[in-house]
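**Student:** I'll drop the sequence and a predicted model, then ask my questions.
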Amino acid sequence: MKFLNREIEKEILKNEIGKESSRFIVLYGRRRIGKSALLNEILGDKTVYYLADINESSVQRRFFAKQLTGYLRGFDKIDYPDWNTFFEFINQQLRDKITIIIDEFPYLVESSPELPSVIQKIIDLKQNSNFNIVLCGSSQQMMQGLVLDKSAPLFGRAHRIINLKPMTVKWLRKAINLDAVKAVEEYSVWGGIPRNWELRTEYANLQDAIRELILDPYGILHEEPLRLFMDDLKNAVQPISIASLIGQGANKLSEIASRLNKPATNLYRPLNNMIETGYLKKDICWGEKSINNKKTLYKINDPLSRFYFTFVVPNQSKLNSSRIKSVEEEIQGKWKIYVSETWEELCRQAVTKLQIDNITFLPAQRWWNQVKNQAGNEIDIISESTDGTCLLIGEAKWQREINLEKVLSELNVKSINLNLTKKYNKIYKLIMAPEIEEKDLDDVLFRNAEFVSL
């Protein structure tokens with residue numbers, strides 16, 4: 001699969017490396033997100049790339065020294081007693097400036113805890129005048145602790161810190177050559193992780209890929225979310241338990257705490273860590289403050305993890321006893337509902353791309369109101385204009401055929417229940433469905449999957 005997107009990140013890296021003064025750059029992000037592929041895109045004649053492993057520090061220095069022999073002849077013939085000596089020799093012997101990339105930096109730190117302090121000294125004393133330093137790592141929590149924590153030696157030293165994020169459905173569509181509707185379905189499973197997409201292309205269809213890669217206990221992605229949690233989160237048992245409960249529908253803090261038999265206050269830290277690393281998100285009811293826990297839901301943010309904790313974890317016994325077909329039937333029965341949640345989220349994200357009468361909108365949220373002894377009301381999409389003068393409310397329907405008049409009528413009723421305390425110049429209405437004629441009618445907009453996956 002060819003390299004896609006990341007043009008902004010490539011440009012940043014090339015600009016920094018091209019500067020006259022030596023630079024210190026940090027690149028991090030979750031496993032399989034494309035960090036190494038991005039670095040390979042910027043490798044040039046004056047770049048040394050070293051992939052760290054779990055060997056002892058003395059062994060790692062030998063391996064590292066071999067990578068430098070292209071610029072420093074005989075550099076690997078010396079045994080360097082420590083990292084300070086190693087980097088000092090590099091700077092002394094180089095005649096032309098190069099860029100040194102250390103990938104999987106946390107592995108190196110495990111065998112050499114002193115290394116961050118060594119690099120701090122090098123940077124502070126400008127002992128890297130002949131080389132740039134680029135540190136890269138997959139363990140998000142460890143990379144954050146090494147660079148972003150105020151007590152860390154490298155805090156405040158980096159010229160650039162790039163947190164590589166998952167890619168959008170637009171790029172998945174291009175990578176697998178899909179129509180807009182199929183792209184949403186595939187994104188519901190693989191998310192924005194290029195390596196997942198690459199694995200998916202080895203199979204004829206989505207169903208076969210899910211069976212072989214995820215459901216099969218020997219599938220390469222069968223335990224991927226567990227590995228991600230163990231890489232990125234301390235004491236992964238509690239985060240895994242939280243994700244398992246959320247995957248089965250326990251979205252409120254009180255529900256999660258009750259099922260874990262723990263005080264809600266004990267869950268704030270693990271929940272925040274899961275949000276910071278991108279595995280969870282807060283779904284806050286529009287118009288409410290984030291501190292209102294009764295109007296806050298927790299949802300799994302990463303699509304592959306959501307699929308895993310929804311369908312794999314509760315069916316682990318079936319899968320381990322080769323009853324995969326039974327689990328596939330369950331997935332098929334719940335498929336439309338499952339994908340509809342992804343569709344709603346993608347629709348909310350797409351609102352910032354809308355422009356109506358030269359008006360743009362803030363990121364959209366949901367609104368819900370559950371009155372005792374009455375059916376709950378919910379609006380899928382609600383957003384203020386960026387200037388605060390207009391309101392957009394809408395519905396996202398994952399259905400091939402919808403009764404637009406009925407949907408609009410229901411939306412009008414729900415909008416009354418909003419009990420708005422602020423007067424808006426205009427209230428626009430938005431209907432989004434996978435296959436619908438895209439058009440504008442007065443204050444009503446119709447948008448389809450093509451718009452979402454642009």
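**Tutor:** Now that the structure is in, tell me what you want to look at. Residues are numbered from 1 along each chain as shown.
**Student:** Going by C-alpha atoms from here, please, whenever you check contacts or count neighbours.
**Tutor:** Will do.
**Student:** which residues in the stretch 251-400 of the chain form helices?
**Tutor:** Counting by DSSP state H, counting those that start in this stretch, one finds helices in the stretch 251-400 of the chain at the ranges 253-260, 268-276, 303-307, 316-320, 324-350.
**Student:** Where among those is average confidence lowest?
**Tutor:** Ranked by mean pLDDT, those bottom out at helix 268-276, which scores a mean of 91.
**Student:** just checking, what packs against it?
**Tutor:** Under the contact definition 3 or more C-alpha pairs under 8 Å, 6 or more residues apart in numbering; DSSP states H and E, helix 268-276 sits against helix 237-247, strand 280-284.
**Student:** can you list the ones you listed in JSON lines and add distance to residue 122?
**Tutor:** As requested, the helices and strands packed on helix 268-276 are exported to JSON lines (distance: least, C-alpha to C-alpha, whole Å):
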{"stretch": "helix 237-247", "distance to residue 122": "37"}
{"stretch": "strand 280-284", "distance to residue 122": "37"}
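**Student:** now the ones you listed in TSV, with distance to residue 60 and mean pLDDT?
**Tutor:** Below are those laid out as TSV (distance: least, C-alpha to C-alpha, whole Å; pLDDT from 0 to 100):
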stretch	distance to residue 60	mean pLDDT
helix 237-247	31	95
strand 280-284	36	93
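**Student:** Now tell me what touches stretch 116-135 from outside.
**Tutor:** By C-alpha atoms under 8 Å, 6 or more residues apart in numbering, the list of residues contacting stretch 116-135 from outside reads 17, 21-27, 83-84, 87-88, 91, 94-105, 109, 146, 153-154, 157.
**Student:** pLDDT on that stretch, on average?
**Tutor:** 94.
**Student:** Provide the strand pairings for the helix or strand hosting residue 161, with the direction of each partner.
**Tutor:** In this structure, residue 161 is located in strand 160-163 according to DSSP states H and E. The sheet places strand 160-163 alongside strand 24-28 (parallel), with pairing taken from DSSP bridges.
**Student:** Centre of the chain to the strand it pairs with, how far?
**Tutor:** Once both centres are worked out by C-alpha atoms, centre = their mean, to the nearest Å, strand 24-28 turns out to sit 18 Å from its chain's centre.
**Student:** what comes into contact with that strand?
**Tutor:** When contacts are taken as C-alpha under 8 Å, 6+ apart, the neighbours of strand 24-28 outside the stretch itself are 35, 123, 132-140, 143, 157-164.
**Student:** and the residues you listed, which of them are in strands?
**Tutor:** Judged by DSSP state E, strands contain the following of those: 132-137, 160-163.
**Student:** show me what contacts residue 247?
**Tutor:** 300, 306, 309-310.
**Student:** Report the separation between the residue sitting nearest the centre point of the chain and residue 282.
**Tutor:** Centrality entry for the chain: nearest residue to the mean C-alpha point is residue 166, 4.3 Å, by C-alpha atoms, centre = their mean. In this view, residue 166 and residue 282 are 18 Å apart by C-alpha to C-alpha, to the nearest Å.
**Student:** cool, and residue 183?
**Tutor:** Applying C-alpha to C-alpha to residue 183 and residue 282 gives a distance of 25 Å.
**Student:** So for those two, which sits in the more crowded spot?
**Tutor:** residue 183 (22 against 16; other C-alpha atoms under 10 Å).
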